[in-house]
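A.B. asks: Show me how the following folds:
(one chain, ligands or ions: 1)
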Amino acid sequence: MALLDVQGLKVYFDTMEGAVRAVDDVRFSLGEGESLGLAGESGCGKTTAALAIMGLLPYNGRIVDGSIHYAGYDLTKLTPPQMRGIRWRHISIIFQGAMNALNPVKRIGQQIAEPIILHEKVDEEVAMKRVGELLELVGIHKDRIREYPHEFSGGMRQRVMIAMALACNPRIVIADEPVTALDVMIQAQILELLERLKRELGLSMILISHDLSVMAETCDSMAIMYAGKIVETGSVRDIFKRPNHPYTKDLIAAFPDIAGAQVLPAYIPGLLPSLIDPPMGCRFHPRCKFAWQRCVNEEPPLDPVANGHRSACHLNTSTPPPREVAR
Ligand code: SF4
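C.D. replies: The predicted structure follows:
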């Protein structure tokens with residue numbers, strides 16, 4: 001049975017221009033000890049899905065439909081105080097841009113201790129002892145507990161943020177773009193650290209990234225998102241070896257292959273559509289080189305294409321008429 005089960009999740013943002021359908025009928029599940037990658041271009045709804053799970057949507061965001069089941073509870077139905085009991089102690093998050101998320105005028109020890117004191121109801125001495133253990137766990141000497149964020153490098157600050165996410169022994173950690181803005185060597189170290197912590201602490205993890213190579217390193221399964229929808233899901237191996245959806249294929253082709261031919265990576269023409277008035281039918285049709293009239297008229301369902309592998313594309317059930325191209 002899945003530890004976290006998201007079904008039919010819809011999250012909209014109210015704006016002056018209308019409702020932005022940031023997450024629109026998304027479903028995925030996360031098993032005990034599993035790591036799931038949520039991938040896609042910026043603005044496709046990955047972070048919004050994570051914030052909905054954490055109950056941390058901004059003031060104009062609302063869950064319109066769907067459920068988020070965790071440990072027998074539907075998180076969408078919990079009151080704010082009930083949700084505070086889940087957040088950090090059961091599910092925690094390493095925020096995007098975390099390197100700038102630390103308070104510059106507070107010692108890092110105090111910052112990591114805050115959630116421990118708040119949620120575990122322990123005194124400062126006990127909390128600081130735990131902070132020392134957490135720092136050692138993420139590879140920072142505990143003597144640095146009294147230092148300020150500016151005394152740490154980018155990679156070390158990211159380790160502090162990871163320690164903070166682990167402060168209350170959560171079962172699930174969501175890492176939102178955990179290595180963006182770090183140089184390649186440090187990226188590898190942080191991914192190795194996450195992998196080790198997942199193994200040693202038995203964590204389940206949702207890793208959000210626009211970078212497919214990050215998923216290849218660390219995840220068991222992946223969900224590819226486009227314009228608020230999941231277009232393909234499967235094991236990392238299946239998605240890299242046998243990508244099915246044209247968008248997934250384009251995403252993979254957009255990354256340089258150091259073992260392949262010495263050619264420039266491909267790019268995906270066009271931009272993400274407006275999510276206030278998204279395209280009818282398949283949301284990818286304005287950018288898809290295979291699109292035909294059916295793609296404009298009908299939304300493709302996320303259907304199985306192999307064992308544990310699903311894709312939402314009409315090409316799996318029909319052949320486009322010759323020369324009938326929608327754009
Ligand atoms: S359903 Fe049509 S437009 Fe969408 S990805 Fe498949 S071929 Fe392209």
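A.B. asks: Packing partners of the strand or helix carrying residue 159?
C.D. replies: Element membership for residue 159, per DSSP states H and E: helix 154-165. Helices and strands touching helix 154-165, as assessed by 3 or more C-beta pairs under 8 Å, 6 or more residues apart in numbering; DSSP states H and E, comprise strand 91-94, helix 108-120, helix 124-137, helix 184-201. C-beta: built from backbone N, CA, C; applies to glycine.
A.B. asks: now the shortest one, how far from the centre of its chain.
C.D. replies: To tie it back to what came earlier, the one meant is strand 91-94. 11 Å (C-alpha atoms, centre = their mean, to the nearest Å).
A.B. asks: picking up where we left off before, point out the most buried one among the helices and strands packed on helix 154-165.
C.D. replies: Across the helices and strands packed on helix 154-165, the average number of neighbours (mean count of other C-beta atoms under 10 Å) peaks for strand 91-94, which reaches a mean of 25.
A.B. asks: Give me the average confidence score over that strand.
C.D. replies: The average pLDDT within strand 91-94 is 95.
A.B. asks: circling back: buried residues, the helix holding residue 159. List them.
C.D. replies: Within helix 154-165, the residues scored as buried using 16 or more other C-beta atoms under 10 Å are 155-165.
A.B. asks: just how off-centre is the helix or strand following that helix within its chain?
C.D. replies: Next helix or strand after helix 154-165 toward the C-terminus (DSSP H and E): strand 172-176. Its chain's C-alpha centre and that of strand 172-176 lie 7 Å apart, by C-alpha atoms, centre = their mean.
A.B. asks: Show me what strand 172-176 is packed against.
C.D. replies: helix 46-54, strand 91-94, strand 204-209.
A.B. asks: contacts for the shortest one?
C.D. replies: What that stands for is strand 91-94. Residues outside strand 91-94 that contact it (C-beta atoms under 8 Å, 6 or more residues apart in numbering): 4, 50, 53-54, 56, 70, 158, 161-162, 165-168, 170-176, 178.
A.B. asks: Provide a list of residues in contact with residue 46.
C.D. replies: 38-40, 176, 208, 225.
A.B. asks: now do 10 Å
C.D. replies: Shown in contact with residue 46 (C-beta atoms under 10 Å, 6 or more residues apart in numbering): 22-23, 26, 37-40, 96, 176-177, 206-210, 223, 225, 228.
A.B. asks: Please identify the residues of the stretch 201-327 of the chain in proximity to the ligand?
C.D. replies: Residues of the stretch 201-327 of the chain lying close to the ligand by C-beta under 6 Å from any ligand atom are 245-246, 282, 284-285, 288, 290-291, 295, 300, 313-315.
A.B. asks: Which of these fall in helices?
C.D. replies: 246, 295 (DSSP state H).
A.B. asks: Find me the pLDDT at the spatially most central residue of the chain, would you?
C.D. replies: The structure's the chain has its C-alpha centroid closest to residue 208; by C-alpha atoms, centre = their mean the separation is 2.5 Å. Per-residue confidence (pLDDT) for residue 208: 95.
A.B. asks: and residue 152, how many neighbours does it have?
C.D. replies: 18 (other C-beta atoms under 10 Å).
A.B. asks: on that earlier part again, format the helices and strands packed on strand 172-176 as CSV; extra columns: distance to residue 85.
C.D. replies: CSV is the format used below for the helices and strands packed on strand 172-176 (distance: least, C-beta to C-beta, whole Å):
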stretch, distance to residue 85
helix 46-54, 13
strand 91-94, 11
strand 204-209, 19
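A.B. asks: Now, of the contacts of strand 91-94, which are buried?
C.D. replies: For the contacts of strand 91-94, buried by 16+ other C-beta under 10 Å: 4, 50, 53-54, 70, 158, 161-162, 165-168, 170-176, 178.
A.B. asks: Could you dump the helices and strands packed on helix 154-165 into JSON lines and include distance to residue 275?
C.D. replies: Shown next, in JSON lines, are those (distance: least, C-beta to C-beta, whole Å):
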{"stretch": "strand 91-94", "distance to residue 275": "22"}
{"stretch": "helix 108-120", "distance to residue 275": "33"}
{"stretch": "helix 124-137", "distance to residue 275": "38"}
{"stretch": "helix 184-201", "distance to residue 275": "29"}
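A.B. asks: do you know which of those lies nearest residue 272?
C.D. replies: Residue 272 lies closest, by C-beta to C-beta, to one member of the helices and strands packed on helix 154-165: strand 91-94, at 23.4 Å.
A.B. asks: mind saving the C-alpha coords of that closest one as PDB?
C.D. replies: Taking C-alpha atoms only, strand 91-94 is exported to PDB below (Å, rounded to 0.1, in the frame of the first residue of the first chain):
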ATOM      1  CA  ILE A  91       6.300  15.200   5.800                       C
ATOM      2  CA  SER A  92       8.900  17.900   5.400                       C
ATOM      3  CA  ILE A  93      10.300  19.900   2.500                       C
ATOM      4  CA  ILE A  94      13.600  21.300   1.400                       C
END
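A.B. asks: So for residue 305, which of the helices and strands packed on helix 154-165 sits nearest?
C.D. replies: For residue 305, the closest of the helices and strands packed on helix 154-165 is helix 184-201, at 28.1 Å, according to C-beta to C-beta.
A.B. asks: Just give me how far that closest one sits from the chain centre.
C.D. replies: 16 Å.
A.B. asks: Fine by me, thanks again.
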